[in-house]
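A.B. asks: Okay, sequence plus prediction incoming.
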Amino acid sequence: MTILLKILPALFLLTACSQVGSQVWKLQADAHLPSAFERPADHWLLPKVLNEISGLEYDTTQNALLAVNDEEGVIYQINKSTGHTDSLYNFHKKGDYEGVAIAGECIYVLKSNGKLYRYHRQKAEMKAIETILYAKNDVEGLCYEEATRSLLIAAKGEALSGKGKKEVYRYDLDSRLIDADPALIIDVEDLYVRAQRDGIEADLLWRLQRFAPSGIAVHPHTGQYFVLSARGSLLLVMGQNQVSDYLVFLDVRLLPQPEGICFSPDGDLFIASEGKGGQGRLTVYKLDNQ
């Protein structure tokens, strides 16, 4: 496919609120705020097949990105330096696929109804896996957490606890079961109240109250959880103690509907966005050495 145009618009890191670029709201006094959100290292428009990109993963064996869209049962490979994209594996029929993660020789793909698909690269075999999650949970985020040898699954919809908060669950790769006790709990209402108290502007408050996870990744050096929300174009960063460190109001001009997120082993952050009627986007941030 044709390599597409690289775009490098300016961004500004603002701890106070303004209408320009990405804006960072500090939630913990001792939280480290990376300067990378001032300006992305790269920004690509993706080919038509990824107009509705929905999941992103870093493949260390190929030093490239893997992606899925929310229509085709295809895993795509993206050159992380050029944005050039190729079809890699046809793993299943059409469906609402929302996340992709690599664990060992297997690639896992998440469907919005809670089903997982495990594709073994060497054997070229696919297995469908039922879980305790269903369509009402509307799961979208998926990543591998090496420290716990598990997949993290973020629910955009109804929480298993029924408590009205947003939850992230662990799928243990050894027991092949999901722990119904959430690994992460995101209290959007509490964040909203705190934002009001901190004087966050009305348009950003409106974005914040729409928070619903669409992607998740674990920082390879700090272990922090980076939880993406397509609604409102938001990025919430949480510590391993489940405490929120900071929240980024992403630049909607660059990332109008961010759905996929992953890290390189060096800590470079990749975020993919649907095009909302246009081409999908891929943005790269080189985070500070934390």
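C.D. replies: Sure, I can see it. Numbering: from 1, shown residues only.
A.B. asks: Give me the neighbour count for Ala195.
C.D. replies: Neighbour count of Ala195, defined by other CB atoms under 10 Å: 20. In short, each C-beta sits where N, CA and C put it, glycine included.
A.B. asks: Now the phi/psi pair for it, please.
C.D. replies: phi -70, psi -40 (degrees, to the nearest 10).
A.B. asks: Glu38 now?
C.D. replies: According to degrees, to the nearest 10, Glu38 has phi -60, psi -40.
A.B. asks: This structure: helices as residue ranges?
C.D. replies: 188-197, 202-208 (DSSP state H).
A.B. asks: Could you pull out the buried residues of the longest one?
C.D. replies: Of the residues in helix 188-197, those buried under the neighbour-count criterion (16 or more other CB atoms under 10 Å) are 188, 191-192, 194-195.
A.B. asks: Adding pLDDT and distance to Ser273, write those out as JSON lines.
C.D. replies: JSON lines is the format used below for the buried residues of helix 188-197 (pLDDT from 0 to 100; distance: CB to CB, whole Å):
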{"residue": "Val188", "pLDDT": "97", "distance to Ser273": "21"}
{"residue": "Leu191", "pLDDT": "97", "distance to Ser273": "22"}
{"residue": "Tyr192", "pLDDT": "97", "distance to Ser273": "24"}
{"residue": "Arg194", "pLDDT": "97", "distance to Ser273": "26"}
{"residue": "Ala195", "pLDDT": "97", "distance to Ser273": "23"}
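A.B. asks: out of the helices of the chain, nearest to Gln77?
C.D. replies: helix 202-208 (32.3 Å; CB to CB).
A.B. asks: what residues does that closest one touch?
C.D. replies: Outside helix 202-208, the residues within contact range by CB atoms under 8 Å, 6 or more residues apart in numbering are 17, 19, 23, 188, 191-192, 195-196, 200, 231-234, 247, 249.
A.B. asks: Render the CA-only coordinates of that helix in PDB, please.
C.D. replies: What follows is helix 202-208 as a C-alpha-only set of coordinates in PDB (Å, rounded to 0.1, in the frame of the first residue of the first chain):
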ATOM      1  CA  ALA A 202     -17.000  23.400  31.000                       C
ATOM      2  CA  ASP A 203     -16.100  22.000  27.600                       C
ATOM      3  CA  LEU A 204     -13.400  19.800  29.200                       C
ATOM      4  CA  LEU A 205     -15.800  18.700  32.000                       C
ATOM      5  CA  TRP A 206     -18.200  17.600  29.300                       C
ATOM      6  CA  ARG A 207     -15.500  15.500  27.700                       C
ATOM      7  CA  LEU A 208     -14.500  14.000  31.100                       C
END
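A.B. asks: Let me see the mean pLDDT of that helix.
C.D. replies: Averaged across helix 202-208, pLDDT comes to 97.
A.B. asks: all strands for the stretch 101-250 of the chain, in order.
C.D. replies: For the stretch 101-250 of the chain, the strands defined by DSSP state E, counting those that start in this stretch cover 106-111, 116-120, 125-129, 139-145, 150-155, 166-172, 177-186, 213-218, 225-229, 234-238, 244-249.
A.B. asks: Can you redo those as JSON lines, where the extra columns are distance to Trp206 and mean pLDDT?
C.D. replies: Converted to JSON lines, these look like this (distance: least, CB to CB, whole Å; pLDDT from 0 to 100):
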{"stretch": "strand 106-111", "distance to Trp206": "28", "mean pLDDT": "98"}
{"stretch": "strand 116-120", "distance to Trp206": "34", "mean pLDDT": "97"}
{"stretch": "strand 125-129", "distance to Trp206": "38", "mean pLDDT": "96"}
{"stretch": "strand 139-145", "distance to Trp206": "21", "mean pLDDT": "98"}
{"stretch": "strand 150-155", "distance to Trp206": "22", "mean pLDDT": "98"}
{"stretch": "strand 166-172", "distance to Trp206": "17", "mean pLDDT": "98"}
{"stretch": "strand 177-186", "distance to Trp206": "18", "mean pLDDT": "97"}
{"stretch": "strand 213-218", "distance to Trp206": "17", "mean pLDDT": "98"}
{"stretch": "strand 225-229", "distance to Trp206": "13", "mean pLDDT": "98"}
{"stretch": "strand 234-238", "distance to Trp206": "11", "mean pLDDT": "98"}
{"stretch": "strand 244-249", "distance to Trp206": "11", "mean pLDDT": "97"}
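A.B. asks: Much appreciated, bye for now.
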